[in-house]
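1. Turn this into a structure:
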Amino acid sequence: MAGNNNALYLANPDQPNSPISLISFPNCIKLADDLSYKQWSFSIRSTMNGHRLFHFLDGLIDPPTPTPPDNPDAQNPAYTTWYRQDQFILGALISTLSSTTAPLIVNAESSHEAWSILAKTFANNTRGRKLQLRARLASLKLGNQKISEYMRQIKSCVDDIAQLDTPLDVEDITNHILDGLDYDSYSPIINAVRA
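-> Numbers count the residues shown, from 1 in each chain. Take a look at the predicted model:
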């Protein structure tokens with residue numbers, strides 16, 4: 001194993017010029033539910049892009065064939081390399097899942113399949129999910145919390161709605177913020193902004 005630019009590599013006897021990257025996600029949050037999916041997927045995507053290995057997850061590059069076309073009885077070293085790298089990535093993905101989400105991908109045979117299952121499960125673009133997020137946004141109130149926490153909740157909800165390809169315009173967001181403020185305490189600001 002050799003270190004290079006904070007990356008670890010495993011020697012590859014099948015293709016000595018193609019070492020296997022050992023992947024880990026040490027700072028990644030655990031994927032626990034649909035509210036943590038956006039942050040989780042961003043962290044995974046960034047790390048995998050940094051290692052130039054995101055193509056394993058997005059499936060845009062087909063894996064090599066298990067056997068060479070000219071010798072169906074032999075094993076293809078390129079496939080063996082691909083398979084080993086993919087299994088390291090799959091193992092690293094599993095390590096970022098909570099005990100409630102890991103069972104979702106227990107039957108996945110590749111990192112791409114696992115990534116696809118998680119995307120379909122947590123980032124689905126259903127009408128019900130959109131309605132749920134919009135209702136949550138409408139119900140947010142400042143109450144006794146700090147304004148910074150209130151704004152963080154608004155931003156999180158707005159970001160989740162935008163992820164479903166239904167972004168809100170600035171005026172709608174502003175109205176949601178103002179609607180959640182206590183009118184008695186914030187009437188000068190609310191009236192000034194709405195004027």
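
2. C-alpha only now, for contacts and for neighbours.
-> OK.

3. so residue 8 sits in a helix?
-> No. With DSSP: H, G, I helix; E, B strand; the rest coil as the criterion, residue 8 is strand rather than part of a helix.

4. Give me the pLDDT value at the most centrally placed residue in the chain.
-> Closest residue to the average C-alpha location of the chain: residue 41 at 1.0 Å, with Cα atoms, centre = their mean. For residue 41, the model assigns a pLDDT of 90.

5. Same question for residue 118.
-> For residue 118, the model assigns a pLDDT of 92.

6. Likewise for residue 24?
-> Looking at residue 24, its pLDDT is 88.

7. burial measure for it, as a count.
-> A count of nearby residues for residue 24, using other Cα atoms under 10 Å, gives 19.

8. In contact with it, which residues?
-> Contacts for residue 24 (Cα atoms under 8 Å, 6 or more residues apart in numbering) come out as residue 92.

9. what's the distance between it and residue 83?
-> According to Cα to Cα, to the nearest Å, residue 24 stands 17 Å off from residue 83.

10. One more: residue 132?
-> As judged by Cα to Cα, residue 132 and residue 83 stand 40 Å apart.

11. same deal with residue 177?
-> Distance of residue 177 to residue 83, given as Cα to Cα: 50 Å.

12. Looking at those two, which is more packed in?
-> residue 177 (20 against 17).

13. thought residue 168 was touching residue 162?
-> Yes. Residue 168 is within contact range of residue 162, at 7.0 Å (criterion: Cα atoms under 8 Å).

14. where in this protein is pLDDT low?
-> 1-7, 34-35, 124-128, 165 (pLDDT under 70).

15. what comes up buried for the host helix or strand of the residue nearest to the centre of the chain?
-> Residue 41 is part of helix 37-50, with elements assigned from DSSP states H and E. Going by neighbour count (16 or more other Cα atoms under 10 Å), the buried part of helix 37-50 is 37-38, 40-41, 43-45, 47-48.

16. Over to stretch 167-186?
-> Those would be 173, 176-181, for stretch 167-186 by 16+ other Cα under 10 Å.

17. So which of those sit within helices?
-> Members of these lying in helices (criterion: DSSP state H): 173, 176-179.

18. farthest-separated two in the residues you listed?
-> Between any two of those, the greatest separation by Cα to Cα is 9.9 Å, found for 173 and 179.
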